[in-house]
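Q: no FASTA, just this:
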C-alpha cells in the first residue's frame, strides 16, 4: 500500500524469523526486544528452551478437551519485523518500524497447523522514543499532563500498516497485543466470564499505555484466564470475544503469559492470585522465579539508546516529510 504526498510514498515490507531454541537475533533486529534479551548469554539455549516449554505446557493445560495426556499441541512462533519505506523509488533498506509475533499451532494428533493470532508481543522504535525522550522532556519542562500529540504519528503509522496490502496478504485477522497490566491502576473483577479468556477485570481509569494504544486504533479489555494469578491486557480493534477461535486465543494467552512470568514474576508468577480488587506491584516479594534469565535493567538502558538512534536516523531527517503526511491523515 502506498500513501502520502506526491513527493513521498509510505510503504511496508516484512521479514520473519523463527523463534525457537536456535534463535539468535539478527544484526537488523531491535536489541531491546524481549526475544533478543532471552537469546543472549551463555545460557541462551536453555533460556529459549525453557520459555518454549512453558508455552506448550500452558497451551495444553488450557486446551484440555480431547487432550487427555496434555501433549496434543505445540506452539510455533515467528517474529515479524516490519520495515517502513518512506519512498519506494529510492530503494534500499527501510526503517525498522515495529516487531510483532505470529503464532501457529501444531496439532500433533492430526498433523494440521492452525493459524493463531498476529500481534501478541509489540516492540517499536518510535514508541521507545515517545516514552524515553518525548515524555521525560515534557515532564522536565514543567508542563502538565502529556503532549497533546503524544503518540499521534506512531498511531497513524501503525494503522497505515494494518490497512496495507502487506498486512492483509500475510494475516487474515486484525492483531491482538497482549501485555502486562499497569502498576499505576487498580482493577476490579466483573461478573463477566469467558470460557477461554477467563474472568474479566475493569481498570479504575485509562492508563497512559491505554491512551497510547488508543492512538493506534486499539481498545483494551482485561481478563484473567483459568489458572492465572493476574489479569492480562488485551489490546484489539475487532471483537475480541467472537472474532477468534478458542485455540487462537489460547495461543496468545499461553505465549504471552509465559513471557510475562519471565519478565514480571512479581505479578504473573505471584504466589497468590489477584482478588476481587487488584493493584499489581513490582514490589511484591511473594512470588516465584522461573529460572529463565531476563535483564530488565539492560532492556531499559537499550531502549533509551535506541530511542536516540530513532531520533537521529529517522525522526530528525524525515520530520518534515512525516509531519506533512500525518497532517493529511
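A: Structure's in. What do you need? If you're wondering where the values come from, they're calculated on a predicted model, not measured in any experiment.

Q: end-to-end on stretch 137-146?
A: Start-to-end span of stretch 137-146 (CA to CA, to the nearest Å) is 10 Å.

Q: what's the distance between it and the middle of its chain?
A: Relative to the centre of its chain, stretch 137-146 is centred 27 Å away, using CA atoms, centre = their mean, to the nearest Å.

Q: Quick check: residue 222 is in a strand.
A: Yes - judged by DSSP: H, G, I helix; E, B strand; the rest coil, residue 222 forms part of a strand.

Q: For it, give me its contacts.
A: Contacts for residue 222 (CB atoms under 8 Å, 6 or more residues apart in numbering) come out as 181, 187, 200, 201, 202, 203, 231, 232, 233, 234. Where you see a C-beta, it was placed from the backbone N, CA and C, and this is true even at glycine.

Q: among the residues you listed, which ones are buried?
A: The neighbour count (16 or more other CB atoms under 10 Å) marks 181, 187, 200, 201, 203, 231, 232, 233, 234 as buried among those.

Q: Which helix or strand lies directly C-terminal to the lowest-mean-pLDDT helix or strand in the chain?
A: Scoring the helices and strands of the chain by mean pLDDT, DSSP states H and E places helix 34-38 at the bottom, with a mean of 62. Per DSSP states H and E, the first helix or strand lying C-terminal to helix 34-38 is helix 44-62.

Q: if we can go back for a sec, which ones among the contacts of residue 222 map onto strands?
A: Counting by DSSP state E, the part of those found in strands is 187, 200, 201, 202, 203, 232, 233, 234.

Q: Tell me how far the last one lies from residue 318.
A: Going back to what we said before, that points to residue 234. From residue 234 over to residue 318 the distance is 33 Å, taken as CB to CB, to the nearest Å.

Q: hang on, the earlier thing: reformat the buried ones among the contacts of residue 222 into TSV and put pLDDT and distance to residue 136 next to each item.
A: Shown next, in TSV, are these (pLDDT from 0 to 100; distance: CB to CB, whole Å):
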residue	pLDDT	distance to residue 136
181	97	23
187	98	27
200	98	34
201	98	30
203	97	24
231	98	28
232	98	27
233	98	23
234	98	28
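
Q: name the helices or strands packed onto the helix or strand in which residue 179 is found?
A: Element membership of residue 179, judged by DSSP H and E, is strand 176-180. Packing contacts for strand 176-180, counted by 3 or more CB pairs under 8 Å, 6 or more residues apart in numbering; DSSP states H and E, involve strand 112-124, strand 232-236, helix 246-263.

Q: partner strands of the second one, parallel or antiparallel?
A: Note on strand 232-236: by DSSP bridges, its sheet partners are strand 176-180 (antiparallel), strand 219-224 (antiparallel).

Q: Now do the first one and strand 112-124, the angle between them.
A: In this case it means strand 176-180. If you take axes from the mean of the first three to the mean of the last three CA atoms, to 10 degrees, strand 176-180 sits at 60 degrees to strand 112-124.
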